[in-house]
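Peer 1: take this sequence and fold it.
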Amino acid sequence: MTGTHESFADRLARRAAERPGAVAVAETSSRRLTRQELAECVRATTAGLIASGMRPGDRALFSVRPSIDALVLMLAIHEAGGVTVPIDPSMGSELFAARVALLSPTWVVAESLLLAASSRWVSGILRRRGVHLVPLGSVNGARIVRAGRWIPGVPPALTIDRLMARGRATAHAPIASGDRDDAFIVFTSGTTGMPKGVVHTRASLRAILESVGRELAAHEQDVFYSRELHLILPALFGGALVVIPHRPRFHAAETIADLQRFAVTHMFAVTSDCQALADYCAAHDRPLPSALRMVLIGGAPVPTGLLRELRARVEAATDVWCIYGMTEMLPVARVSMQAKLAWQGEGDYVGWPVDGVEARVDPDGELIVRGPGLFSRYLGQEPVTEHRTGDLARIDEGGVTLLGRSKDMIIRGEYNIYPALYEAAFERLPGVRRCAMIGIPDEAAADERVVVVVEPDTEVDPRKLEREVRDGLRRGLIDIDRFAHPDHVLALEMPEAGRSSKVDKAALRRLVGERIR
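Peer 2: Predicted structure coming up:
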């Protein structure tokens, strides 16, 4: 980076100089790198990318599961001046095409299976098994970097080993990237159905990592456990050992085993995963491992029921913090478990804004935030100076309390689901007059169940229509993101708001809640 700020690679090198043989990062599969090895891998991969043609501002579609390879590649792209764009490979093909058209990426960094999905015969095999992946390997004009072992159908590609070999044979050229240059683009779907890229600059990304680092407070001798790379980096920079779960999805029993095996002191979990962990401990009448000193929870509202269960399962000295933020700015506010449990008012108490964040409420009650970690702009739009969160809130002497969402959004696990993006796909089906996608709170899972309600045309059998919709989803005939697939499909007449023809979603939620209870 230009200016006085220490680059990410320099931070790793400084830690390596202090204790070169100390393990910096470990996968639960037993792979690990020392501080010296990690710093060298990042340096060589960066030089290899530059020697292979990466230039400042190049956009790289990125789809590699959390791992040491993912960490090295993301750091190297950043150090080479590139812009990382995480891509969910299970998104619908139309949405993927729209995002590629908006981005004009020049690099694709992905795992072998995802690249092989561009092959007609491989994609055919996957579809017959109910797996639908976007064709990452066939983005026109993009250089391809493959992670993982080669499998049939993968197009010609660079590998981490080849990049590092090329990088070791060349000088690490200085990168002329400034604070205002783009660093990271994360897509969050808009209610209009158009893809919306949240652009973070090198300055805002650095501010996010520094803010997260202050909240995490993981340093030498600490062990941090997470799959989230934006949390892994601050822990690494602080000198902690980072442990990355090496499995495709969360598993409570294995997580407990990992926490014990590595004597984890700090961890982060999304709300639904934390609920699964608390449920497992309750079912087996056991506490969380005693080495834990800090648990961060985020990604979705944290219900007090979950916190009550955690309080019974953690040591008295363990700090539990709930983090409030969004793609456009993270973190915004945080609140301790004790303070949230003591809250007696209405709404979702999220605590005080973190250092550097300014928050206010406009005359309509919407929360507006700004600060060093604020995103730069939405891709293709003008720069912003503050962010309208879409959350209705109150700010008083106790901090920030959320009172509801002005945006019609559903939160499931780590995903924000915008119904308007998907409702039209169901309304195109024969026999469907209109569709509404709604979220129904699931207290047991600390999450929301997604329900698709289709209103049948006259003389259409509702039960038959429900079966046809479920079958269309199963067979991939209804092309929507995998994370938005509904938990329930109902066919019924929808209530309307007043004299208008709009669906009264509040009344619909009450009606559906009674049906699926």
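Peer 1: ok now the one helix or strand in the chain whose mean pLDDT sits lowest, how far from the chain's centre?
Peer 2: Least confident helix or strand of the chain, by mean pLDDT, DSSP states H and E, is helix 120-128 with a mean of 76. Computed by C-alpha atoms, centre = their mean, to the nearest Å, the chain-centroid distance of helix 120-128 equals 27 Å.
Peer 1: try stretch 502-517
Peer 2: How far stretch 502-517 lies from its chain's middle: 29 Å, per C-alpha atoms, centre = their mean.
Peer 1: list the buried residues of that stretch.
Peer 2: Going by neighbour count (16 or more other C-beta atoms under 10 Å), the buried part of stretch 502-517 is 503, 504, 505, 508, 509, 511, 512. C-beta coordinates here come from the backbone N, C-alpha and C atoms, glycine included.
Peer 1: narrow those to those in helices?
Peer 2: Using DSSP state H, 505, 508, 509, 511, 512 are the members of those that sit in helices.
Peer 1: adding distance to residue 208 and pLDDT, write those out as TSV.
Peer 2: Below are those laid out as TSV (distance: C-beta to C-beta, whole Å; pLDDT from 0 to 100):
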residue	distance to residue 208	pLDDT
505	33	82
508	37	92
509	34	89
511	41	93
512	37	93
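Peer 1: which one of these is nearest residue 24?
Peer 2: Distance to residue 24, by C-beta to C-beta, is smallest for residue 509 among these, at 47.2 Å.
Peer 1: that closest one: what's it in contact with?
Peer 2: Contact partners of residue 509, counting by C-beta atoms under 8 Å, 6 or more residues apart in numbering, are 438, 439, 440.
Peer 1: for the most centrally placed residue in the chain, give me its contacts.
Peer 2: Centroid check for the chain by C-alpha atoms, centre = their mean gives residue 414 as the closest residue, at 5.5 Å. Going by C-beta under 8 Å, 6+ apart, residue 414 touches 270, 299, 300.
Peer 1: please apply the same query to residue 387.
Peer 2: For residue 387, the contact set (C-beta under 8 Å, 6+ apart) comprises 326, 328, 329, 368, 369, 370, 374, 375.
Peer 1: which of the residues you listed scores worst on pLDDT?
Peer 2: Taking the contacts of residue 387 together, the minimum pLDDT is found at residue 326 (92).
Peer 1: and it, how far is that from residue 345?
Peer 2: According to C-beta to C-beta, to the nearest Å, residue 326 and residue 345 sit 23 Å apart.
Peer 1: and those two? Which one has more around it.
Peer 2: Just comparing residue 326 and residue 345: by other C-beta atoms under 10 Å the higher neighbour count belongs to residue 326, 17 against 9.
Peer 1: contacts only, for that one.
Peer 2: Applying C-beta under 8 Å, 6+ apart to residue 326 gives the contacts 332, 387, 389.
Peer 1: so which of the residues you listed are in helices?
Peer 2: Reading helices off these, I find no matches (DSSP H).
Peer 1: in which helix or strand does the closest residue to residue 505 other than its chain neighbours reside?
Peer 2: Computed as C-beta to C-beta, 6 or more residues apart in numbering, the closest residue to residue 505 that is not its neighbour in sequence is residue 438, at 5.9 Å. Using DSSP states H and E, residue 438 maps to strand 432-442.
Peer 1: next: residue 164.
Peer 2: Under the criterion of DSSP H and E, residue 164 resides in helix 160-168.
Peer 1: which outside residues touch that helix?
Peer 2: 41, 43-52, 69, 72-73, 76, 145, 147.
Peer 1: what's the answer for stretch 144-154, then?
Peer 2: Here stretch 144-154 makes contact (C-beta under 8 Å, 6+ apart) with 60, 64, 67, 69-70, 73, 107-113, 115-119, 121-122, 137, 155-160, 163.
Peer 1: circling back: who are the contact partners of the residue nearest to residue 505?
Peer 2: Contacts of residue 438 by C-beta under 8 Å, 6+ apart are 410, 419, 450, 451, 453, 505, 508, 509, 512.
Peer 1: good, we can wrap up now.
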